[in-house]
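J.: Return atomic coordinates for the entry below.
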Amino acid sequence: MTHSPATQQYKEKQAGDLQPGDFVFPPGDGPAAEIRAVEVKNDDYGVPALLLVTTVDGGSISVAVGSSVPVGDGVPAGPGAEGSVDAPDQAEPDSSTPAEPDTEAPAGPAVVVPPRPETPPTYTGPSAEELALIPEPDGTPEAVVRAAAAQHKGKNGVQVLAERLAKGINTKSGSCLRDLSDLAFDLCIVLRDPDHALAVADLLNVLPFDGNLDRWASIERALALSSFICREAGQSERAAVYEKLLRAPESQEEDPFKARINARVRQRSLNEPNLYDKEIFRAIDNGNHEAEREWRFLRLEALMFLRAHGGSKTIGEDELARRIGNELESVRA
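T.: Numbers count the residues shown, from 1 in each chain. Below is the predicted model:
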């Protein structure tokens with residue numbers, strides 16, 4: 001007998017809302033089973049894709065994230081009741097006799113995920129007073145770029161980027177945002193000009209997160225670089241503003257379950273960052289100094305991003321500062 005509205009009543013629940021203690025109807029025949037544990041399985045890109053539900057009777061159910069599943073009202077369906085699965089007749093217990101001891105299976109092991117929070121994590125962005133610490137650009141965005149390039153005549157990398165940007169800066173263009181972040185990095189890291197680098201980066205720093213992760217990657221780079229520049233200059237309050245802006249995507253997910261899962265994925269990426277060790281060692285072994293330098297640039301960006309997040313559970317701020325100093329010496333050599 002299959003579960004259908006004609007034979008029993010049940011309600012549906014989003015897979016992401018399932019918690020240990022809920023009663024879920026497995027596919028096919030059978031009564032509702034109590035959930036003992038819920039485990040999240042990610043796809044190869046680290047995105048939650050599948051929930052593995054384990055029941056107290058030893059069964060397991062795979063449910064796609066985002067699906068709806070039929071659940072009971074907190075207890076297995078009773079015999080003969082409306083909305084229940086057919087079961088053998090059972091005599092009512094005599095109230096004059098002692099109740100039989102509970103023979104249900106003992107509780108299983110501790111659950112593998114915490115209960116789902118009622119509301120997503122709260123993100124607190126910078127206040128208007130804090131945002132005022134980021135100065136207005138001195139002229140148009142194109143003028144800011146030209147002023148920075150004018151200080152470094154003969155530097156081909158900067159001049160090529162500046163000429164392309166000076167024709168018109170379109171903040172809706174992903175390639176334009178990438179050019180701006182590349183220019184800011186070149187000015188700071190290669191040419192040791194943090195003031196002009198910060199002025200260029202601020203053209204990106206004030207742009208809001210619109211859900212486009214490709215465009216946001218360039219803004220994120222600029223924010224991490226700006227935090228580093230200000231920390232090095234002793235401008236901790238301004239650096240904190242950039243660090244708050246860097247966390248903007250953390251407030252976008254309204255579903256509490258997905259917000260919790262995203263936070264877990266994000267923390268894992270902070271705890272296990274890709275610092276390009278294999279690529280750097282391979283370049284060293286091959287004597288390819290240019291490739292080594294490019295990979296070290298990427299490592300430097302990753303370290304700056306970690307520092308803007310206040311470090312992680314595996315790499316503290318002091319260690320990050322030391323590593324950033326080492327990479328700066330390497331790429332500037």
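J.: going forward, measure contacts between C-alpha atoms and count neighbours the same way
T.: Noted.
J.: Pick out the residue closest to the middle of this structure.
T.: Arg266 (3.6 Å; C-alpha atoms, centre = their mean).
J.: Backbone dihedrals for it, please?
T.: phi -60, psi -40 (degrees, to the nearest 10).
J.: Could you report the distance from it to Pro273?
T.: 10 Å (C-alpha to C-alpha, to the nearest Å).
J.: Identify the contacts common to these two.
T.: Common neighbours of Arg266 and Pro273, using C-alpha atoms under 8 Å, 6 or more residues apart in numbering, do not exist here.
J.: all helices for the stretch 51-200 of the chain, in order.
T.: 128-131, 141-150, 156-166, 174-185, 194-205 (DSSP state H, counting those that start in this stretch).
J.: Could you save those helices as a markdown table and add columns showing mean neighbour count, distance to Val53 and mean pLDDT?
T.: Listed next are the helices of the stretch 51-200 of the chain as a markdown table, based on neighbours: other C-alpha atoms under 10 Å; distance: least, C-alpha to C-alpha, whole Å; pLDDT from 0 to 100:
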| stretch | mean neighbour count | distance to Val53 | mean pLDDT |
| --- | --- | --- | --- |
| helix 128-131 | 12 | 45 | 94 |
| helix 141-150 | 19 | 53 | 96 |
| helix 156-166 | 17 | 53 | 94 |
| helix 174-185 | 23 | 41 | 96 |
| helix 194-205 | 23 | 43 | 97 |
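J.: May I see those arranged in a markdown table, with distance to Glu220 as well?
T.: As requested, the helices of the stretch 51-200 of the chain are exported to a markdown table (distance: least, C-alpha to C-alpha, whole Å):
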| stretch | distance to Glu220 |
| --- | --- |
| helix 128-131 | 17 |
| helix 141-150 | 18 |
| helix 156-166 | 19 |
| helix 174-185 | 9 |
| helix 194-205 | 8 |
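J.: right, and these - which one's nearest Ser226?
T.: helix 194-205 (6.0 Å; C-alpha to C-alpha).
J.: Tell me the helices and strands packed up against the closest one.
T.: helix 141-150, helix 174-185, helix 213-232 (3 or more C-alpha pairs under 8 Å, 6 or more residues apart in numbering; DSSP states H and E).
J.: so which of the ones you listed gets nearest Phe297?
T.: So among the helices and strands packed on helix 194-205, helix 174-185 is nearest, using C-alpha to C-alpha, at 9.5 Å.
J.: could you dump that closest one to CSV, C-alpha only?
T.: C-alpha atoms of helix 174-185 as CSV (Å, rounded to 0.1, in the frame of the first residue of the first chain):
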residue,chain,number,x,y,z
GLY,A,174,33.5,41.7,-15.4
SER,A,175,36.6,42.2,-17.6
CYS,A,176,36.7,45.9,-16.6
LEU,A,177,36.5,45.0,-12.9
ARG,A,178,39.3,42.5,-13.3
ASP,A,179,41.5,45.1,-15.0
LEU,A,180,40.9,47.5,-12.1
SER,A,181,41.8,44.9,-9.5
ASP,A,182,44.9,43.9,-11.5
LEU,A,183,45.9,47.5,-11.7
ALA,A,184,45.5,48.0,-8.0
PHE,A,185,47.6,44.9,-7.3
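J.: Can you tell me what sits against that helix?
T.: So helix 174-185 is contacted by 158, 161-162, 165, 169-171, 196-198, 200-201, 204, 214-215, 218-219, 221-222, 225 (C-alpha under 8 Å, 6+ apart).
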